[in-house]
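[1] predicted model follows, preceded by the sequence.
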2 protein chains.
Amino acid sequence: MPVMSIFTGEERAAVVASQPVPLYHQLYCVLRLKIEQGGLRHGEVLPSELELAELFGVSRITSKRALDELERAGMVSRRRGQGTTITHRYEPKMLVAPLTSMLESLAVMGKETTVELVEFERVVAPDTICTTLKLPPRSRVDRAVRLRFIDGDPFAHYVSFTIPLGSTFNAKALRQGSRLELFRAMGVEVGEIDQVLSACGADAFVAKALNLTVGAPLLQVNRTYFDVRQRPVDHLHCRYRPDRFQYHMRLSAPLRGSR
Amino acid sequence: MPVMSIFTGEERAAVVASQPVPLYHQLYCVLRLKIEQGGLRHGEVLPSELELAELFGVSRITSKRALDELERAGMVSRRRGQGTTITHRYEPKMLVAPLTSMLESLAVMGKETTVELVEFERVVAPDTICTTLKLPPRSRVDRAVRLRFIDGDPFAHYVSFTIPLGSTFNAKALRQGSRLELFRAMGVEVGEIDQVLSACGADAFVAKALNLTVGAPLLQVNRTYFDVRQRPVDHLHCRYRPDRFQYHMRLSAPLRGSR
DNA sequence: CACTATTTGTCCGTATGTATG
DNA sequence: TCATACATACGGACAAATAGT
């Protein structure tokens, strides 16, 4: 019987020896991604080691190792004579936040999420931060690292740089209330927010904090807070697990008359 | 003299032996990213092989190989006795689009980008598409795959599913004009757009199309178009290279009185 | 002109990881 | 499981080019 074409040519072509990444890991990534994105569902049986090896043009040991890694990652279950079945369930456990306003940290986030302060320190600001906050080079800022949890699982990693506001802006206050409330208490009225949305791979720090592997895709939001006089007050670097957090928007009545 | 802290702790921590990726390649990636993003500029001299080796806790051979790869990639120039100088010029080949309206495909995108139609076919819609477009199961829709280029480099991958509008909605028309113009020409007035922003790893298809490796982080936007009668017309699946495309927003005057 | 320090280029030997049959 | 081949990574050693004293 001819082997079913479960995998596309692109998927097979993505596993190549010429890359500086082990073959077994390339194959592992292809399989894992396919399972995570629902291309292969819970309960389905993967091709056998030999079939996989032939499909992707590798040896049986290589395909075996890729499947073993999948098992170690808890994606599949392997049994002799029975094959490799998928145990991973696609369960969203997801928070969808509106992006149209600043509601995020108040209404939506407040529902079932908790925040944990990981670090708080007054540091010399990196050059990029000095530039965005319009500070002279090597100024001092308050750096805070925080994690946000949903159902006890971390899904957001924040690194914030705040211009010195006063001694009341400290770790204790950050642990208790939201940052926006804190700003207001310090007499800073936030007028505008500048946001850039992007994606990035998890670095070693974030990967550990969010319980991911290095390089895992993350939704990235870089946010600058301005006070009512248009002066930058704070820069926030957010990274979200895409399987647990998404942004939602509804845009209405687009321009009709033009072009 | 103590070694200058050119690299952050995060950067140094990203080069670890425990990962299934060669050390020299990890280091190469860190350096390349720093140069590409302007952290190290044209003409600057990189630390010597020995300094790099000590900074990142690897042997000189490893740091040397990373630098050699950088040279092969045309990012730096190496000379005995003189060191490694950066030849790559930092030009942010990046498109930053506003997200506040539907302007994207009209004003911003039209500037220096081009679109290429990769596939166009009438297909049986997947279940998920039928659900979002409120169609009976196994309905037929027009599926289009497109790529968007900036300076000849692909940065966006689109997969769209459109309810049957008529024979004028075809490959030829898609190649020429924008989809929104085409909708209007077909008598469909787009009233609202529903967007979900997230991140995902590149699958084999997209990786090939956007010239990336499998698993590379991408900014993902899933968009549903509704006509003025609130009926879903089209579902669009966008994936962007984060180094070439970002979304930008400015939010003003957040709620003051409440909580 | 040496002389020196720095930096890259090349080689060796060894140990471990990867991949095949 | 074994034998084999190749890639990766380390430490060390020495040669060759460069720049400054």
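    Looks like it came in fine.
[2] in the stretch 1-150 of chain A, which spans are strands?
    A:45-46, A:76-79, A:83-86, A:95-98, A:113-124, A:140-150 (DSSP state E, counting those that start in this stretch).
[3] among the ones you listed, which comes closest to B:Asp194?
    strand A:95-98 (11.3 Å; Cβ to Cβ). Bear in mind the C-beta positions are built from the backbone N, C-alpha and C, glycine included.
[4] distance from the closest one to the middle of the chain?
    Computed by Cα atoms, centre = their mean, to the nearest Å, the chain-centroid distance of strand A:95-98 equals 14 Å.
[5] please work out the residue of chain A nearest to DNA strand D and name it.
    Relative to DNA strand D, the nearest point of chain A is A:Pro20 (4.7 Å; Cβ to the nearest atom of the strand).
[6] who are the neighbours in contact with that residue?
    B:21-22, B:24-25 (Cβ atoms under 8 Å, 6 or more residues apart in numbering or on different chains).
[7] against A:Arg12, how distant is it?
    A:Pro20 is 19 Å from A:Arg12, where distance means Cβ to Cβ, to the nearest Å.
[8] what of A:Arg250?
    Going from A:Arg250 to A:Arg12 by Cβ to Cβ gives 40 Å.
[9] between those two, point out the one with more neighbours.
    A:Arg12 (16 against 13; other Cβ atoms under 10 Å in any protein chain shown).
[10] ok, that one - contacts?
    Residues in contact with A:Arg12, defined by Cβ under 8 Å, 6+ apart, are A:55-57, B:204.
[11] what is the burial count for the residue nearest to A:Asp127 when sequence neighbours are not counted?
    Among residues not flanking A:Asp127 along the chain, A:Pro137 sits closest, at 6.5 Å (Cβ to Cβ, 6 or more residues apart in numbering or on different chains). When neighbours are counted by other Cβ under 10 Å, A:Pro137 registers 10.
[12] coming back round to it: closest one to chain B among the strands of the stretch 1-150 of chain A?
    strand A:95-98 (7.1 Å; Cβ to the nearest Cβ).
[13] give me the sheet partners of that closest one and which way each runs.
    According to DSSP bridges, strand A:95-98 forms sheet pairs with strand A:245-252 (parallel).
[14] phi first, then psi, for the nearest residue to A:His25 once chain neighbours are set aside.
    Sequence neighbours aside, B:Pro20 is the residue nearest to A:His25 in space, at 4.2 Å (criterion: Cβ to Cβ, 6+ apart). With angles defined as degrees, to the nearest 10, B:Pro20 sits at phi -80, psi 40.
[15] can you pull out the helices in chain A?
    Using DSSP state H, the helices of chain A run over residues A:9-13, A:23-36, A:49-56, A:60-72, A:107-112, A:127-132, A:171-176, A:179-185, A:204-209.
[16] could you dump those to TSV with mean pLDDT and distance to A:Val96?
    Formatted as TSV, those follow (pLDDT from 0 to 100; distance: least, Cβ to Cβ, whole Å):
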stretch	mean pLDDT	distance to A:Val96
helix A:9-13	84	30
helix A:23-36	92	18
helix A:49-56	92	36
helix A:60-72	94	29
helix A:107-112	66	8
helix A:127-132	91	28
helix A:171-176	90	26
helix A:179-185	88	21
helix A:204-209	84	21
